[in-house]
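Engineer: after the sequence you'll find the predicted model.
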Amino acid sequence: MAKLEVKTKENPKLQQSTLSDGRISLYLEYYLGRTQWVDEETGKTKVKHDRKKESLNLYLIAKPRNPIERQTNKETLELAMEIRAEREQELKKDRTGKRLFKTKNTNFLDAFQIYIDSYTKKDVRMMQIALNRFKDFLKQEHSIYSKNIKPEQLDKDMMLSFVEFLQSKSTGEGAKSIYQRFKKFIKYAIEHDIMIKNPCSGVVCKVDDQTLRKDVLSLEEIERLISTTYDNQNQEIRRAFIFCLYTGIRYCDVIELKYSDVDYSNKLLIFEQAKTKGHSATSGVVTPLNDGLLSLIGENSTNKKDELIFHLPSHTMCLKGLRRWVKRAGIDKHITWHCARHSFAVNILNNGANIKTVASLLGHSGLKHTEKYTRAVDSLKQAAIDSLPELKL
């Protein structure tokens, strides 16, 4: 009879392989035991080792050329090691019969929430939104499953309806972004035997990535916003949003900026983009600073190198403070924090900056994502011409 033996060494192991583009891909290799038997014909003992690989979608730069790339490698490796340790604990739970999930009785909604509760990446808020939107969808379209739905009850038809629901509730890239997070958990569920089939296979949430759908603040509106102050206004929100309007950096980056990221002598801001950190060799951004931006940052001090530049409240409170400020300024637009990035790109293009310069300032690895801003500029120019009195000859 076959005998299953299990190794007690570090399991899974963190491994790496070099890709054709020169990056080093990190992955986990699980040792799931070995099967030993005696061949009836030869009488010899045979052994079959059972191994499994899991891609982490994390990459190292093969030959780091500067401190930023070396730091990126260090942080990516640390993240991979943390994931490896988590997977080892999961594997031990599996083998002691203390699994979190049993496919037969699993509530997909509970499993998704447990996944989010232990999720450590920066898009955790979007992961929660994805689950909440799916719950809203079930209440509206499949009320019988609104509290409890088994993984096997999710199918392709339901996913097609879910995508339509997302597109009806979200504008721009919102639907696509939420669906991507939803699929991220589906992938995890399949890898961890919570689900057997992928219901999202072949179901795509299409969005025109080349169209700018967010509202943009004009230079005149930015001046009006800056000149608007009122009692009890959160000065940190004000300071940080103005900084984003004039640099184009994201909310997730501005909340982590430290004084050590500022090169005061050369008037430069040097930081790693949270969105692409560990996933792209071009995640580092260098932004020139003028005197106005330096005054927003504050004076150079060796005592506060590791301190945050902006002490902001939660993302929700930042949005509430921003919307109150925009309303006080008399601006009738739906302005979110990310609109600062869009406004920056459109306004500097309007003022003559070329698309490569804008792409570099925004930290884009190519021009694909920057081109939507040139289309927005063309649209604004057309609107300006159309606003002139009708020409009658």
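Structural biologist: The structure has been received and is ready for your questions.
Engineer: wait, isn't I226 in contact with R239?
Structural biologist: No - counting by Cβ atoms under 8 Å, I226 stays clear of R239, with 10.7 Å between them. Every residue, glycine included, has its C-beta placed from N, CA and C.
Engineer: and the closest residue to N107 other than its chain neighbours, how many neighbours?
Structural biologist: Ranked by Cβ to Cβ, 6 or more residues apart in numbering and with sequence neighbours excluded, the top spatial neighbour of N107 is N148, at 4.9 Å. Counted with other Cβ atoms under 10 Å, residues neighbouring N148 total 13.
Engineer: hang on, N198 in a strand?
Structural biologist: No - the assignment for N198 is coil, going by DSSP: H, G, I helix; E, B strand; the rest coil, so no strand is present there.
Engineer: isn't it right up against F185?
Structural biologist: No - assessed by Cβ under 8 Å, N198 is found out of contact with F185, at 11.4 Å.
Engineer: tell me the secondary structure of S20, please.
Structural biologist: Local secondary structure at S20 is given as coil here, using three-state DSSP.
Engineer: I194 versus the residue nearest to N107, what's the distance?
Structural biologist: In this structure, N148 lies at 15 Å from I194, with Cβ to Cβ, to the nearest Å as the measure.
Engineer: please apply the same query to A353.
Structural biologist: A353 sits 48 Å away from I194 when distances are taken as Cβ to Cβ.
Engineer: these two: who's more crowded?
Structural biologist: Counted by other Cβ under 10 Å, A353 and I194 do not tie: I194 has more neighbours, with 22 against 13.
Engineer: these two touch, right, that one and T106?
Structural biologist: Yes - using Cβ under 8 Å, I194 is in contact with T106, at 5.9 Å.
Engineer: ranges for the strands of the chain?
Structural biologist: Shown for the chain, the strands assigned by DSSP state E span residues 3-5, 13-18, 24-38, 45-60, 262-263, 268-272, 284-288.
Engineer: do a quick rundown of the helices in this protein.
Structural biologist: Taking DSSP state H as the criterion, the chain carries its helices at 67-95, 108-117, 124-141, 156-169, 174-191, 219-227, 235-247, 251-254, 291-297, 315-328, 339-350, 355-362, 371-386.
Engineer: quick one: closest of these to H49.
Structural biologist: Ranking the helices of the chain by their distance to H49 (criterion: Cβ to Cβ) puts helix 67-95 first, at 15.9 Å.
Engineer: circling back: I226 and R239: who's more crowded?
Structural biologist: The neighbour count for I226 versus R239, taken as other Cβ under 10 Å, is higher for R239 (18 against 13).
Engineer: nearest residue to the more buried one in space, please, no chain neighbours.
Structural biologist: With sequence-adjacent residues excluded and distances taken as Cβ to Cβ, 6+ apart, R239 is closest to L296, at 5.6 Å.
Engineer: next one: Y145
Structural biologist: Looking at Y145 with Cβ to Cβ, 6+ apart, the closest residue is L138, at 5.1 Å.
Engineer: look at stretch 290-304 and report the distance between its end residues.
Structural biologist: By Cα to Cα, to the nearest Å, the extent of stretch 290-304 from end to end equals 21 Å.
Engineer: how about stretch 190-202: buried residues?
Structural biologist: By neighbour count, and taking 16 or more other Cβ atoms under 10 Å as the criterion, the buried residues in stretch 190-202 are 192, 194-195, 198-200.
Engineer: list the contacts of T229.
Structural biologist: T229 sits next to R238 when contact means Cβ atoms under 8 Å, 6 or more residues apart in numbering.
Engineer: begin at 35, not 1, for the rest of this chat.
Structural biologist: Yep, numbering from 35; the last one is T263 now.
Engineer: distance of it from L279?
Structural biologist: Plainly put, T263 is 16 Å away from L279 if you go by Cβ to Cβ.
Engineer: does L327 touch G282 like I think?
Structural biologist: No - the criterion here is Cβ under 8 Å, and L327 misses it with G282 at 11.7 Å.
Engineer: what about these two, which has more around it?
Structural biologist: When L327 is set against G282 and neighbours are counted by other Cβ under 10 Å, the residue ahead is G282, at 21 against 17.
Engineer: which ones are touching that one?
Structural biologist: For G282, the contacting residues are 321, 374-375, 378-379, 395-396, taking Cβ under 8 Å, 6+ apart as the criterion.
Engineer: likewise V319?
Structural biologist: With contacts defined as Cβ under 8 Å, 6+ apart, V319 is in contact with 283, 303-307, 395-397.
Engineer: ok, now with 10 Å
Structural biologist: Taking Cβ atoms under 10 Å, 6 or more residues apart in numbering as the contact definition, V319 lies against 102, 281-283, 287, 295, 303-307, 310, 394-398.
Engineer: what's the pLDDT at it?
Structural biologist: pLDDT recorded at V319 is 87.
Engineer: that one pairs with what?
Structural biologist: Applying DSSP bridges to V319 gives these bridge partners: F305.
Engineer: just the buried residues from the contacts of V319, in PyMOL please.
Structural biologist: Of those, the buried ones can be selected in PyMOL as follows, counting by 16+ other Cβ under 10 Å:
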select buried, resi 102+281+282+283+287+295+303+305+306+307+310+395+396+397+398
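Engineer: so how many other residues sit close to F171?
Structural biologist: Counted with other Cβ under 10 Å, residues neighbouring F171 total 20.
Engineer: my read: it touches L194, true?
Structural biologist: No - the pair formed by F171 and L194 falls short of the contact definition of Cβ atoms under 10 Å, at 11.6 Å.
Engineer: most packed of the helices of the chain?
Structural biologist: Here the criterion is mean neighbour count by mean count of other Cβ atoms under 10 Å, and of the helices of the chain the winner is helix 373-384, at a mean of 22.
Engineer: got the angle between that helix and helix 253-261?
Structural biologist: Interaxial angle, helix 373-384 versus helix 253-261 (axes from the mean of the first three to the mean of the last three Cα atoms, to 10 degrees): 140 degrees.
Engineer: could you tell me the angle between helix 373-384 and helix 349-362?
Structural biologist: In terms of direction (the same axes, to 10 degrees), helix 373-384 departs from helix 349-362 by 50 degrees.
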